[in-house]
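Student: just coords:
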C-alpha cells in the first residue's frame, strides 16, 4: 500500500482538475484533491500505481509540484490492501 501527499502552487484549471480525478480512477487510487491555492492531492493505493500516478502528474505543466510526504505499508494481498485503506476508495475533490 502506498500513500502520497502532493503539493502544488495551485490547482485551478478545469483540465488539471479533471486529469487529477481521471488518472486516480485509471490507477485505482483513492484520496482527496484540494483545489485552489495551494493545491493538494492525497492518494492511496498500490505502491506501483502511486508511483505511476506521480510520474504522469509531474509530466503536466505546473508552476510548482512536489511530493511532500509518502508512506509504504507491506500488505499480503488485494483484500488486505482494501482493508488497510484509510482514504476514500475514489478520488474526491
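Tutor: Received the coordinates, thanks. What you see is a predicted model; the values in this text were computed from it and never measured. Numbers count the residues shown, from 1 in each chain.
Student: going forward, measure contacts between C-alpha atoms and count neighbours the same way
Tutor: OK.
Student: now the strands for this structure?
Tutor: 2-8, 30-34, 39-45, 65-72, 91-92 (DSSP state E).
Student: Mean neighbour count, these: which tops it?
Tutor: strand 39-45 (a mean of 23; mean count of other Cα atoms under 10 Å).
Student: Compute the inter-axis angle for that strand and strand 30-34.
Tutor: Relative orientation of strand 39-45 versus strand 30-34 (axes from the mean of the first three to the mean of the last three Cα atoms, to 10 degrees): 180 degrees.
Student: I'd like the distance between residue 26 and residue 90.
Tutor: Using Cα to Cα, to the nearest Å, we find residue 26 at a distance of 11 Å from residue 90.
Student: Can you name the residues in contact with the lowest-mean-pLDDT helix or strand in the chain?
Tutor: Within the chain, no helix or strand scores below helix 78-84, which has a mean of 90 by mean pLDDT, DSSP states H and E. Outside of helix 78-84, the residues within contact range by Cα atoms under 8 Å, 6 or more residues apart in numbering are 1, 45-46, 75.
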